[in-house]
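**Student:** with the input below, show me the fold.
(one chain, ligands or ions: 1)
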Amino acid sequence: MMVLIGVQDSNIKNGQILDSKCPKCESKNSLNFSIYRRYTHLTLIPLFPIGKYVNIECSNCSTIFDYDDLDKNSQLQLKNEKLNNPIWMYSGCILLVLAITFFINNYIESKDESAILIKTPAKGDIYHLKFSNGYYSSMRIDQVTKDSIYTTHNDYDAYLPYEIKDIDKPENYSKRTIHYSKSEIANLYKEGEIIEVLRK
Ligand SMILES: [Zn+2]
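**Tutor:** Predicted coordinates:
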């Protein structure tokens with residue numbers, strides 16, 4: 001999908017300027033205003049408002065004026081117009097906050113779950129690993145005895161934690177069998193070398 005950043009205007013208020021006189025045709029109470037709110041958007045999702053502008057039109061002579069063309073009284077009236085920022089102009093920001101909250105919650109939940117699962121290793125568990133050289137990988141639990149845990153390490157490493165799932169395939173656990181004591185496993189988790197435990 002192509003992502004496009006842009007700005008868009010939305011008409012948020014219209015009305016008549018009271019006790020006004022058209023700077024051109026001098027007719028009374030003929031000036032109507034339209035206030036627009038400008039907002040940024042990402043593709044079609046509004047992010048937040050960034051400014052506003054006003055169009056003034058005379059209903060008698062149809063001339064369009066700028067704010068600066070008006071007399072002081074009319075300018076003051078426009079300045080005092082109460083404007084609300086429609087909430088939908090922030091929908092992109094709201095979505096972003098919701099997404100971040102969702103990911104943080106998910107992260108915390110998976111941490112909690114790993115902390116429980118690491119205490120009861122079981123055949124078939126997959127441990128996600130972070131090595132001191134900065135690479136990531138995984139290992140599979142093959143057998144659990146009273147004190148020991150027999151594992152097979154993944155043949156491959158990943159550069160980033162979320163890539164571990166891509167190398168986590170049965171055929172990738174082929175040759176590197178390693179045997180740990182249960183206390184070694186507990187230590188590896190404590191020291192952050194085992195970063196996640198998955199159980200099917
Ligand atoms: Zn006019």
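**Student:** surely Asp19 meets Leu70?
**Tutor:** No - using CB atoms under 8 Å, Asp19 is not in contact with Leu70, being 11.8 Å away. To be clear about C-beta, it is placed using only N, CA and C from the backbone, and glycine gets the same treatment.
**Student:** please identify which of these two sits among more neighbours.
**Tutor:** Leu70 (22 against 10; other CB atoms under 10 Å).
**Student:** what residues are up against that one?
**Tutor:** Ile17, Ser20, Pro23, Leu31, Ile56, Leu78 (CB atoms under 8 Å, 6 or more residues apart in numbering).
**Student:** among those residues, who's most crowded?
**Tutor:** Of all the contacts of Leu70, the highest neighbour tally under other CB under 10 Å goes to Leu31, namely 26 neighbours.
**Student:** circling back: turn the contacts of Leu70 into CSV, including distance to the ion.
**Tutor:** Listed next are those as CSV, based on distance: CB to the ion, whole Å:
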residue, distance to the ion
Ile17, 12
Ser20, 10
Pro23, 8
Leu31, 8
Ile56, 10
Leu78, 17
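**Student:** inside helices: which ones of those?
**Tutor:** Secondary structure from DSSP state H places Leu78 of the contacts of Leu70 in helices.
**Student:** now the chain, which segments are flagged as low pLDDT?
**Tutor:** 1-2 (pLDDT under 70).
**Student:** quick one: the residue nearest the centre of it from the ion, how far?
**Tutor:** The residue lying closest to the centre of the chain (CA atoms, centre = their mean) is Leu96, at 3.0 Å. Leu96 sits at a distance of 46 Å from the ion (criterion: CB to the ion, to the nearest Å).
**Student:** that residue is in what secondary structure piece?
**Tutor:** In this structure, Leu96 is located in helix 91-117 according to DSSP states H and E.
**Student:** ok, now Tyr189?
**Tutor:** Element membership for Tyr189, per DSSP H and E: helix 182-190.
**Student:** dump the C-alpha coordinates for that helix into CSV.
**Tutor:** The C-alpha coordinates for helix 182-190 follow below in CSV (Å, rounded to 0.1, in the frame of the first residue of the first chain):
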residue,chain,number,x,y,z
LYS,A,182,17.6,-27.2,35.1
SER,A,183,19.5,-24.5,37.1
GLU,A,184,21.4,-23.5,33.9
ILE,A,185,18.2,-22.9,32.1
ALA,A,186,16.8,-20.9,35.0
ASN,A,187,20.0,-18.8,34.9
LEU,A,188,19.8,-18.3,31.1
TYR,A,189,16.3,-16.9,31.6
LYS,A,190,17.3,-14.7,34.5
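**Student:** that one: which residues count as buried?
**Tutor:** Ile185, Leu188, Tyr189 (16 or more other CB atoms under 10 Å).
**Student:** returning to what we had before: now for the contacts of Leu70, which pair is the farthest apart?
**Tutor:** Spatially, the most separated pair among these is Pro23 and Leu78, at 14.1 Å (CB to CB).
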